[in-house]
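1. any chance you could fold what I've pasted below:
(2 chains)
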2 protein chains.
Amino acid sequence: MGMTVLKEIEGVREQVRAWREQGFTVGLVPTMGYLHEGHASLIRRAAEENDRVVVSVFVNPTQFGPKEDLSSYPRDLVRDIETVERSGGDMIFYPEASAMYPEAYSTYVEVGGITGELCGRSRPAHFRGVATVVTKLFNIVRPDRAYFGRKDAQQLAVIRRMAKDLNMDLEIVGCPIVREPDGLAMSSRNSYLSKEERADALVLSRALRQCRERFQSGCRDAQALKEEMRGIIAGASSAVPDYVEIVDAVTFHSVKTIEKKALAALAVYIGKTRLIDNTLLDPDDEEDPEL
Amino acid sequence: MGMTVLKEIEGVREQVRAWREQGFTVGLVPTMGYLHEGHASLIRRAAEENDRVVVSVFVNPTQFGPKEDLSSYPRDLVRDIETVERSGGDMIFYPEASAMYPEAYSTYVEVGGITGELCGRSRPAHFRGVATVVTKLFNIVRPDRAYFGRKDAQQLAVIRRMAKDLNMDLEIVGCPIVREPDGLAMSSRNSYLSKEERADALVLSRALRQCRERFQSGCRDAQALKEEMRGIIAGASSAVPDYVEIVDAVTFHSVKTIEKKALAALAVYIGKTRLIDNTLLDPDDEEDPEL
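-> Residues are numbered from 1 along each chain as shown, chains lettered A, B, ... in the order given. Modelled structure (predicted):
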């Protein structure tokens, strides 16, 4: 079957309703577009596990801060259509901001606790915007499963928390980070990088790899691991860390000693571009095939 | 068919899923129990418009303030079961607070704008609690329609706003206020009133009726109408107004001159019991059959 691009919320509802009447299961991959191989891996996974796959492409204004890159965020719908089609998606939902947030719009979903840490500190309204738009997408598409990448580890945790708290009747599937051959985690924002910055951006995955190696050789001292990561990041002239953290993988609170599953998580400005990356540090299973 | 009382969220989901597979539509009547004739009218309406009706009975802790009547709120499940059965309901969903808000619960739905007015001023977290629990109930039951009384006019407006903003795929049905023969709007909290207070409580409907008569005879001056209502309320020794307001029926902002649909809305303490009541003032249709 061919791929449909729909702008109207009602059109999406009708198509999904028709699929449901045929007994099809539906997977949703929420994205901001400018799709890369990381997104493609989510779409392929969704296509394996569901009869039909909806990919939403929406640069959601409510998750950007006033000084962030909303207006410059990269867009390429033609290429996105090709990527979705090639990866096994069935529909792109491509709404207008004015349809998602019409006049007098005033409802937000707030997830407490974990949203105060890491990215929540430097981007205060970010997760409120994410939780709100994801709730809207879930209500429009009513998927059986929704797919999110683990690069945005905190976002994934926020969405899991929200779905559980609000009794949303669907499965949240977290998927592996996809990396360039040299280790850089894939991100639409990588397109902002100059050639020099692209080289400097490798400090994120390099710092995490070093952290993992030290962890595997027995180091459980978060402070020592963070200092080593900061040292590696400082080696790149265009790199300025926003945070370099080791947090509990459930609460996202900072830890001193790694005794249970933790996350080494970085946000680093490379020039003007803010990149994030992370790796799981699990004392019971020290391998991370993703890094 | 008989009536089921279910405590477990998963049990409700299964029953509703079974109904859906038989092609049945489902109506939801969210309540805090201690059902009166007002609730019964919602259940009957839901039974007329849907194949199956779920009534939730849950005294939702998150919509009570720290000094409010959560612990003393009246309960009578046996009588509630009879009322639901007699009114045409098919299931009571009667969850535990610990199942609705388990440990580490941290997600809330916030509706802005109208929640800052009227009851939102004296009960600051009230509508956040209402919006959150209603979202949860909608996600558990996934009804085609949900029924709310117009006595809680601001609550109804908040829920309509939320459902629209978050693209919830259901119809919100507002139903007429049901009154005792002498005019008192039915409320579970009426059971708190002593004999003297029960008599004093009539000032609410009496003030609104007077307001409506003056409105029908041409008065559009909100200040004059409010003063008259305050005078009537002052005539009852146990009555202390929380607010006496005339607001725009859409924005809930205070109005000076009634030029479009407005709401005369009261919250009055009768002794320790806070009662609310309201009536619609529509310049294009001056009748209100409900008062």
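2. of all of the stretch 151-291 of chain A, which residue lies closest to chain B?
-> Nearest residue of the stretch 151-291 of chain A to chain B: residue A:165, at 3.6 Å (Cβ to the nearest Cβ). Quick note: C-beta positions are derived from backbone N, CA and C, even for glycine.
3. could I get the pLDDT score of the spatially closest residue to that residue that is not a sequence neighbour?
-> The shortest distance from residue A:165 to any non-neighbouring residue, by Cβ to Cβ, 6 or more residues apart in numbering or on different chains, is to residue B:107 (3.6 Å). At residue B:107, the pLDDT value in this model is 97.
4. which elements pack onto the helix or strand that residue A:207 is a member of?
-> Using DSSP states H and E, residue A:207 sits within helix A:202-216. Using 3 or more Cβ pairs under 8 Å, 6 or more residues apart in numbering or on different chains; DSSP states H and E, the elements in contact with helix A:202-216 are helix A:222-234, strand A:239-248, strand A:262-270, strand A:273-281.
5. circling back: got a list of what the residue of the stretch 151-291 of chain A closest to chain B touches?
-> Applying Cβ atoms under 8 Å, 6 or more residues apart in numbering or on different chains, we find residue A:165 in contact with A:111, B:105-107, B:136.
6. circling back to that earlier point, reformat the helices and strands packed on helix A:202-216 as TSV; add distance to residue A:36 and mean neighbour count.
-> Formatted as TSV, these follow (distance: least, Cβ to Cβ, whole Å; neighbours: other Cβ atoms under 10 Å in any protein chain shown):
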stretch	distance to residue A:36	mean neighbour count
helix A:222-234	23	17
strand A:239-248	21	19
strand A:262-270	17	23
strand A:273-281	13	23
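7. now tabulate those in TSV and tack on mean pLDDT and distance to chain B.
-> Listed next are the helices and strands packed on helix A:202-216 as TSV, based on pLDDT from 0 to 100; distance: least, Cβ to the nearest Cβ, whole Å:
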stretch	mean pLDDT	distance to chain B
helix A:222-234	98	22
strand A:239-248	97	12
strand A:262-270	98	17
strand A:273-281	97	20
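8. all helices of the stretch 51-200 of chain A, in order?
-> A:77-87, A:97-100, A:119-122, A:126-141, A:153-165, A:195-200 (DSSP state H, counting those that start in this stretch).
9. tell me which of these sits nearest to residue A:241.
-> With Cβ to Cβ, the closest approach to residue A:241 among the helices of the stretch 51-200 of chain A belongs to helix A:119-122: 10.7 Å.
10. and the closest one, how far out from the chain middle?
-> Centroid separation for helix A:119-122 versus its chain: 15 Å, with Cα atoms, centre = their mean, to the nearest Å.
11. could you do stretch A:158-165 as well?
-> Distance, centroid of stretch A:158-165 to centroid of chain: 15 Å (Cα atoms, centre = their mean).
12. what about chain A, any weak spots by pLDDT?
-> A:1, A:286-291 (pLDDT under 70).
13. that one against chain B: which residues are in contact?
-> Within reach of chain B by Cβ under 8 Å from any Cβ of the partner chain, chain A has these residues: A:9, A:13, A:104-114, A:131-132, A:135-136, A:139-140, A:142, A:161-162, A:165-169.
14. show me just the buried residues among those.
-> Buried by 16 or more other Cβ atoms under 10 Å in any protein chain shown: A:9, A:13, A:105-111, A:113-114, A:131-132, A:135-136, A:139-140, A:142, A:161-162, A:165-169, out of the residues of chain A next to chain B.
15. residues contacting the residue lying closest to residue A:51 once chain neighbours are set aside?
-> Distances taken as Cβ to Cβ, 6+ apart put residue A:24 closest to residue A:51, at 3.7 Å, once the chain neighbours are dropped. Counting by Cβ under 8 Å, 6+ apart, residue A:24 touches A:50-52.
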